[in-house]
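J.: give me a model of this one.
(chains A, B and C)
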Amino acid sequence: MATHIAYRELGNRSAFWTLFLLAGVFVAAGLVAHVVMEHHGHVITGMDNRIVWGLPHVFAVFLIVAASGALNVASTASVFGKTIYKPLAPLSGLVSLCLLAGGLAVLVLDLGRSDRMIVAATQYNFKSIFAWNIFLYTGFYAVVGVYLWMMLEKRFNKYSSAVGTAAFIWRLVLTTGTGSIFGFLIAREAYQSAIMAPMFIAYSLAYGTAIYLIVLMIACRIEARPLGDEVLRRLKNLTATFVAASLYFCAAHHLTNLYFTRNHAVEAFILVDGGSITQSFWLGQVLIGGVLPLAFLLAPGVTRCRILAACMAIVFGGLCQMYVTIIGGQAWPMDLFPGYSATSSFADGVIQQYSPGLWEILLAFSGLAIAALLMVVALRVLRILPERLDDAPQEVPLGDAPQEVPLGDASRDPAQHPR
Amino acid sequence: MIQRLLYCLVLLLAFLAPPAAAEVPKPAVAIANPGQCVAPADVMRRSHMDMLKHQRDRTLRQGERGAKYSLNACIECHASKDSGSVLGGKENFCEGCHSYVAIKLDCFECHQPKAMKTAGARP
Amino acid sequence: MSKRGSDTGMSVGAGPDSGRRAFLGTGVGIAAATGVLAIAPGIGLIEIAQARPAGELASSKVRWGLLIDSRRCKSECQACAKACAKENAVEPGSGRPSQNSQWLRKIDLKDKVTGREVSLPMMCQHCAKPPCVDVCPTGASMQRADGIVLVDRHICIGCRYCIMACPYQARSFVHEPLHAQNPEVPRGQGCVEGCTLCVHRVDKGQQPACVQACQDSGGGAMLFGDLNDPTSDIALRIASVASSQVRADLRLNPAVRYQGI
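T.: A predicted model of the protein is given here:
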């Protein structure tokens, strides 16, 4: 391991401006959508009194959950002392903060009264997990901000491990809080479970690491900075582990529900006859977001292209998972009178349909764009990305176009890179 | 660099600022029921928002009724003779003054700006 | 189920004029309502809501509640829902029906095994331990001392978490700008709202609009009163006949009880 890591801003001007403008267009579209929604009210969206949280929440919660997971690489370096990840750690903190900003922006812009943010910042009900999350999110900024500072300022490097541990604990608590938003809903059959918190942590690890890898690979590619095979091999194995953990929690959640007769109906809705919800679950969350990435990441002869594809599949699967969790959980009617079938003018006993409108779609996607825009700008002006990420200083860099080089262990000496 | 940025900022602000405001006429309001208010005019001008804010919490959260200060009571007196509302234009009590001083008025996002009679209050 | 003298004098003091007197003489209107009450002492004033004197705060000695007899509630009758919408000016908006607010709705139930059918009004159950109050980040969802659960729209940010948390689907989100509010019932775009138990009427000594309408239409399925007062009609009734709370398994202790389900 090199004792001195040189970091440099992004140098590729044209790539920077392309990405900046691309993300900028989506951000602008999202802001316009917000203004239109604020002016007309949510009447112009696909949301209603049953599906009160729509597509913006799907994207916002996804980004917030992924933000906490994106800190993984830094935690692995600082908390678990894996020196190979050290040069990668600052980027990890940055991606994390940018994702959180994107998620929170969408969450805030979708409020009925976004103009009252000052109220949300000054009045608290401490029994509300939402109120706690406000502190957890802002605290996350502070902790990760300090953490980044400690990592980037050479004089303070010695504190980065301690602050990193604090950030690690903080982000576990944060995702517990996010999962508990759903876990604490007593009357919704699809939620109301303590497993929501650890399940969200597993999800966050998978989504965050996947997004981190996407950013890292794209940044190194457009900057033509060397990225070592060994680093990638470890990161893709880490990602695969998290995907497997996500699938495990998901299975445990549904199996528990299936054991309780009273939950059979809601499980049948999500797993069998829920239409778009069922498709999102099996095709999106399980197949594309779970099985496919596992196969891509773990099958022998893995290439960089496949790693990138796997990570993108995880992101897509993650959005599908949030759709199933958030929309599916609301679409299913609450059972006010067990044993009775109910009808009313207020959709009692009815599985509610949801089709997002243009404005909320724009607002939702702007969350990803805000995160991307912040990342691009930050990488352009801050020295976050290392100049080279070869596996070891003595090794010869792989060169500029290493995509199709197989990363299988067979091509390397296993003794040199113990797992 | 910073000097240049500041210079740009000042220029930008100069462009954005409206032309000299000396010519904006003071609002001339005509209200339905002139008479004795709950406090002298200068006190009301300075503190009406505090009175209302304090009272709104007591009324809504603690259930105090018939208090000295009340938004509905404001509206009953100060609604316009013609439209029966405190909103609508420069001659309307709340909007006239608030648009003159350029302060956003949030009350009537939820509250009815018309006096009871005009709004068709339920007995 | 007659409500002895329930509304005889009350509406007299609260005409359009009383508001004006209130702003001039600060509180005379309310005092007048109380005065009218006192004129007719012989007709069972104990059980009904008494107008609270001006300046007096809601008290935790009182807990307002409802008893709804579903056996007397007809499926085709919408008197309570209509009265609620009229009283609170909850009108259909320009969007889809599912975006319209409904503070009170009629639910028709059918026993899945026996086929027995029941109809009943469903609204905010004014829980003693309301989940909406627990989850609200700003404290906008709140409970008055007398048990009425309200949304403080002054600090509601429109996050809709309370709608997610309510087990009774009793809350609505205002999806567009409003202009035709009842001056006594403020409500507006971007905030969550729900049944207030007609708090503006109750504080004047009147019954909620739905209860009044149910009585006037001859239904007689709804009884309003103070659950904490052992001599009140409602307390006597629930002490002697079988009644149940909806989702009693959640232990929220709603102030609305039902007979016949």
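J.: strands of chain C, start to end?
T.: Secondary structure of chain C (DSSP state E): strands located at C:64-69, C:104-111, C:117-123, C:141-143, C:149-151, C:171-173, C:192-194, C:222-226, C:256-259.
J.: near chain C at all, the longest helix seen in chain B?
T.: The longest helix of chain B (DSSP state H) is helix B:41-62. Yes - for helix B:41-62, a contact with chain C is found by C-beta under 8 Å from any C-beta of the partner chain, at B:56, B:57, B:58, B:60, B:61, B:62. No exception for glycine: its C-beta is placed from N, CA and C like everyone else's.
J.: in stretch B:66-73, which residues are buried?
T.: Residues of stretch B:66-73 classed as buried by neighbour count (16 or more other C-beta atoms under 10 Å in any protein chain shown): B:66, B:67, B:69, B:70, B:71, B:72, B:73.
J.: quick one: end-to-end length of it, please.
T.: Start-to-end span of stretch B:66-73 (C-alpha to C-alpha, to the nearest Å) is 10 Å.
J.: starting at the chain centroid, how far to that stretch?
T.: Relative to its chain's centre, stretch B:66-73 lies at 15 Å (C-alpha atoms, centre = their mean, to the nearest Å).
J.: just the ones of the buried residues of stretch B:66-73 in helices?
T.: Using DSSP H, the buried residues of stretch B:66-73 in helices are B:71, B:72, B:73.
J.: nearest to chain C, of those?
T.: residue B:73 (3.1 Å; C-beta to the nearest C-beta).
J.: so which of the strands of chain C is nearest chain A?
T.: Here strand C:104-111 is closest among the strands of chain C (C-beta to the nearest C-beta), at 4.1 Å.
J.: so which elements touch that closest one?
T.: Counting contacts by 3 or more C-beta pairs under 8 Å, 6 or more residues apart in numbering or on different chains; DSSP states H and E, strand C:104-111 packs against strand A:340-344, helix C:79-87, strand C:117-123.
J.: which of those sits closest to chain B?
T.: The nearest among the helices and strands packed on strand C:104-111, by C-beta to the nearest C-beta, is helix C:79-87 at 6.0 Å.
J.: could you dump the closest one to PDB, C-alpha only?
T.: Extracted C-alpha coordinates of helix C:79-87, given in PDB (Å, rounded to 0.1, in the frame of the first residue of the first chain):
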ATOM      1  CA  ALA C  79     -77.800  12.000   6.600                       C
ATOM      2  CA  CYS C  80     -74.700  12.100   8.900                       C
ATOM      3  CA  ALA C  81     -72.200  12.200   6.000                       C
ATOM      4  CA  LYS C  82     -74.100  15.000   4.200                       C
ATOM      5  CA  ALA C  83     -74.500  17.000   7.400                       C
ATOM      6  CA  CYS C  84     -70.800  16.700   8.100                       C
ATOM      7  CA  ALA C  85     -69.800  17.800   4.600                       C
ATOM      8  CA  LYS C  86     -72.200  20.700   4.800                       C
ATOM      9  CA  GLU C  87     -71.200  21.800   8.300                       C
END
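J.: what's the mean pLDDT across that helix?
T.: Mean pLDDT, computed over helix C:79-87, is 97.
J.: which elements pack onto it?
T.: Counting by 3+ C-beta pairs under 8 Å, 6+ apart, helix C:79-87 packs on strand C:104-111, strand C:117-123, helix C:209-216.
J.: mind listing what the most centrally placed residue in chain B touches?
T.: Compute the mean C-alpha point of chain B, and by C-alpha atoms, centre = their mean the closest residue is residue B:94, 3.6 Å away. Residues near residue B:94 by C-beta atoms under 8 Å, 6 or more residues apart in numbering or on different chains: B:78, B:86, B:87, B:105, B:107, B:108, B:113.
J.: neighbours of the one residue in chain C that gets nearest to chain A, how many?
T.: Using C-beta to the nearest C-beta, the closest approach of chain C to chain A is made by residue C:158 at 1.8 Å. Using other C-beta atoms under 10 Å in any protein chain shown, residue C:158 is surrounded by 22 other residues.
J.: low-confidence ranges, the stretch 1-150 of chain C, go.
T.: C:1-49 (pLDDT under 70).
J.: in chain B, where is pLDDT below threshold?
T.: For chain B, the ranges with pLDDT under 70 are B:1-22, B:118-123.
J.: and the helices in it?
T.: B:2-16, B:41-62, B:71-78, B:93-101, B:116-119.
J.: is chain A within reach of the second one?
T.: Pointing back at helix B:41-62 there. No - using C-beta under 8 Å from any C-beta, helix B:41-62 stays clear of chain A, with a minimum separation of 11.3 Å.
J.: number of residues surrounding residue 71?
T.: All of this refers to chain A. Neighbour count for residue A:71, taken as other C-beta under 10 Å: 34.
J.: the intended chain is chain C.
T.: Residue C:71 has 13 nearby residues by other C-beta under 10 Å.
J.: with the one 10 residues further on instead?
T.: For residue C:81, the tally of surrounding residues (other C-beta under 10 Å) stands at 23.
J.: got the residue ranges for the strands in chain A?
T.: A:7-8, A:340-344, A:385-386.
J.: single out the most deeply packed of those strands.
T.: strand A:385-386 (a mean of 22; mean count of other C-beta atoms under 10 Å in any protein chain shown).
J.: who does it pair up with?
T.: strand A:7-8 (antiparallel) (DSSP bridges).
J.: now do whatever residue of chain A ends up closest to chain C against residue A:360, distance only.
T.: The minimum distance from chain A to chain C, using C-beta to the nearest C-beta, falls at residue A:112 (1.8 Å). From residue A:112 across to residue A:360, the span is 13 Å (C-beta to C-beta, to the nearest Å).
J.: what does residue C:253 give?
T.: Distance from residue C:253 to residue A:360, by C-beta to C-beta: 37 Å.
J.: neighbour count for those two, which is higher?
T.: residue A:360 (25 against 15).
J.: can you name the residues that contact residue A:198?
T.: Counting by C-beta under 8 Å, 6+ apart, residue A:198 has contacts A:176, A:179, A:249.
J.: hmm, 7 Å instead?
T.: residue A:249 (C-beta atoms under 7 Å, 6 or more residues apart in numbering or on different chains).
J.: pLDDT score for residue A:412?
T.: 41.
J.: possible to save the strands of chain A as a markdown table with mean pLDDT?
T.: Formatted as a markdown table, the strands of chain A follow (pLDDT from 0 to 100):
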| stretch | mean pLDDT |
| --- | --- |
| strand A:7-8 | 89 |
| strand A:340-344 | 96 |
| strand A:385-386 | 91 |
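J.: one step back: how about CSV for the helices and strands packed on helix C:79-87, with distance to residue A:367 and mean neighbour count added?
T.: As requested, the helices and strands packed on helix C:79-87 are arranged in CSV below (distance: least, C-beta to C-beta, whole Å; neighbours: other C-beta atoms under 10 Å in any protein chain shown):
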stretch, distance to residue A:367, mean neighbour count
strand C:104-111, 34, 21
strand C:117-123, 36, 22
helix C:209-216, 42, 23
